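Engineer: return atomic coordinates for the entry below.
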Amino acid sequence: MTSRTAILALAIMTPAIGWAQEPVCYALPDAGAGLSEVTVTRSGEFNFTYPGQPHVVYGMSCGFDDGANSTTCSIDCDGGAITFTLTAQGMQIDAHVRIEQARMESLLIANGPLEASGVYLEGDWLLPPAAPELCEDIETRAQPLMLEPGDVYPAVERLERQLQIGGFFLSGPDMIYDTATADAIRAFQAQAGLPQTGKTDRALLTRIGIEAGYTFGGC
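Structural biologist: Sure thing, here's the model as predicted:
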């Protein structure tokens, strides 16, 4: 994979050896090396997050080599690579590569500006198997399914603009989903007769008039 615009939010192909009969996920909550969390989902997707952006999930993928005995997979990029190795202790990840990231407000309609940036992802992590409830949580975090307090994302600014138009948000729109954003969402939910959670799922975002943001990475 050498394209800098390739979308890498596909699943890692799961080899027969090294995994339990029931798929498991792997997680390291305090990854270090500039990251807040590194995970591999039950479907095999490799995700990582940054401090200050707990709900903005950057995803990459890799297909294991053909054959049931394969436990190693690599993504070779310009000037580096990421290698995944299944071990008895968990998933070993070795990364030394520059990642080009892009963020848009809607994957479906490419609504709003496309923001691009780059980061050098470097580190060695051993991810132990995670509990089933944590696996469930990991798999429901990724955009574009939800925005909630703690998110720092371009889609938040557009969400606040929409709420401002409706008279629910009185501050200046920005990318930070904070208490004022949550209060505005609760006010909208109350008027709409919905549970007042202060969070937005995809159905609520559509009702307000915005698709949640989506992030992809390439190398």
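
Engineer: which helix or strand contains L170?
Structural biologist: Taking DSSP states H and E as the definition, L170 sits outside all helices and strands.

Engineer: what's the answer for the one 4 residues further on, then?
Structural biologist: Applying DSSP H and E as the criterion places D174 outside every helix and strand.

Engineer: run through the residues that contact the residue nearest to it when sequence neighbours are not counted.
Structural biologist: Leaving aside its chain neighbours, D174 sits nearest to E157 (5.7 Å; criterion: Cβ to Cβ, 6 or more residues apart in numbering). (C-beta placed from N, C-alpha, C; glycine too.) With contact set as Cβ atoms under 8 Å, 6 or more residues apart in numbering, E157 has these partners: P173, D174, M175.

Engineer: which among those end up buried?
Structural biologist: P173, M175 (16 or more other Cβ atoms under 10 Å).

Engineer: remind me, longest helix of this structure?
Structural biologist: helix 179-192 (DSSP state H).

Engineer: and that one, how far from the chain's centre?
Structural biologist: On the basis of Cα atoms, centre = their mean, to the nearest Å, helix 179-192 sits 24 Å off its chain's mean C-alpha point.

Engineer: what's next to that helix, contact-wise?
Structural biologist: Contacts of helix 179-192 (Cβ under 8 Å, 6+ apart): 148-149, 156, 159-160, 163, 166, 168-171, 195-200, 204, 207-208.

Engineer: tell me, how many residues neighbour T85?
Structural biologist: Other residues lying near T85 total 15 when counted by other Cβ atoms under 10 Å.

Engineer: quick one: it from C62, how far?
Structural biologist: Separation of T85 from C62 (Cβ to Cβ, to the nearest Å) stands at 11 Å.

Engineer: does the residue nearest to D174 count as helix, strand or coil?
Structural biologist: Under DSSP: H, G, I helix; E, B strand; the rest coil, the three-state class of E157 is helix.

Engineer: swap in the one 3 residues further on?
Structural biologist: Secondary structure state of E160, per three-state DSSP, is helix.

Engineer: for Q89, list the residues it contacts.
Structural biologist: Per Cβ under 8 Å, 6+ apart, neighbours of Q89: L126, P128.

Engineer: mind telling me what element the most centrally placed residue in the chain is part of?
Structural biologist: When Cα atoms, centre = their mean is applied to the chain, the residue found nearest the centroid is V57 (1.7 Å). In this assignment (DSSP H and E), V57 forms part of strand 53-60.
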